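any chance you could fold what I've pasted below:
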Amino acid sequence: MNRRTTLLGAVALTTALGLTGCSSDSAPELKVTGAFMPQPVSDMAAGFLVVENTGGADRLTSVTSALSDHVTIHETKNQAMRMVTSFEVPAGGELDLERGGNHIMFTDLKKRPRPGDTVTVKLHFEKAGAISVDVPVKESTYNPKK
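Sure thing, here's the model as predicted:
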């Protein structure tokens, strides 16, 4: 084998290993920030948060909570809301559930939480499994500054 063939082989191997490290097949590394629930004014409530992902891609497939037996995830497009079965959490990106956009929806609340209370939710992901999050309840008009 000559030096050129060896060098080309080494470059190809290094490139392949580098691409593997960026692969969406790597494990997701998820962190939840900015969670809040505006105080419900009826038997329905919404939840908002950001899922930051420094690893491979994943999907949020469902949300559960003792607050309600009916917790769903909704997307908002063209000012219309509809239930979806999952949200993508992109590799090296984030899933932003925010007022006026995609969000968590709680219906048939078992009780109405008040500002200062905390609601525990479990976010269920396709690859990362379940993550428990304590969501603080804020006043109904609360909107975080970005």
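
ranges for the helices of the chain?
In the chain, the helices defined using DSSP state H lie at 3-21.

okay, and the helix or strand of it with the least pLDDT?
helix 3-21 (a mean of 45; mean pLDDT, DSSP states H and E).

check the residue nearest the centre of the chain and give its pLDDT.
In the chain, the residue lying closest to the centroid (Cα atoms, centre = their mean) is V51, at 3.8 Å. Confidence at V51, expressed as pLDDT, is 98.

for it, name its beta-bridge partners.
V32, L95 (DSSP bridges).

go ahead and confirm it touches A57.
No - using Cβ atoms under 8 Å, V51 makes no contact with A57, being 11.7 Å away. Placement of C-beta: from N, CA and C, glycine included.

overlap in contacts, these two.
Residues touching both V51 and A57 (Cβ atoms under 8 Å, 6 or more residues apart in numbering) are V89.

the nearest residue to K127 once chain neighbours are set aside: how many residues sit nearby?
Nearest non-adjacent residue to K127, counting by Cβ to Cβ, 6 or more residues apart in numbering: D58, 4.7 Å away. Neighbour count for D58, taken as other Cβ atoms under 10 Å: 25.

got it, and L95?
For L95, the number of neighbouring residues by other Cβ under 10 Å comes to 22.

how close does it get to T141?
Applying Cβ to Cβ, to the nearest Å, the value for L95 to T141 is 24 Å.

one more: G101?
17 Å.

same thing with T107?
Distance from T107 to T141, by Cβ to Cβ: 21 Å.

if you count surrounding residues, which of the two has more?
Ranked by neighbour count (other Cβ under 10 Å), T107 and T141 place T107 first, with 13 against 7.

which ones are touching the residue lying closest to L109 once chain neighbours are set aside?
Once flanking residues are discounted, L109 sits nearest to D43: 4.9 Å by Cβ to Cβ, 6+ apart. D43 sits next to T107, D108, L109, R112 when contact means Cβ under 8 Å, 6+ apart.

10 Å instead, please
For D43, the contact set (Cβ atoms under 10 Å, 6 or more residues apart in numbering) comprises S68, F106, T107, D108, L109, K110, K111, R112.

do the same with V119
When contacts are counted by Cβ under 10 Å, 6+ apart, V119 touches 35-37, 40, 45, 47, 65-68, 106, 109, 111, 113, 133-137.
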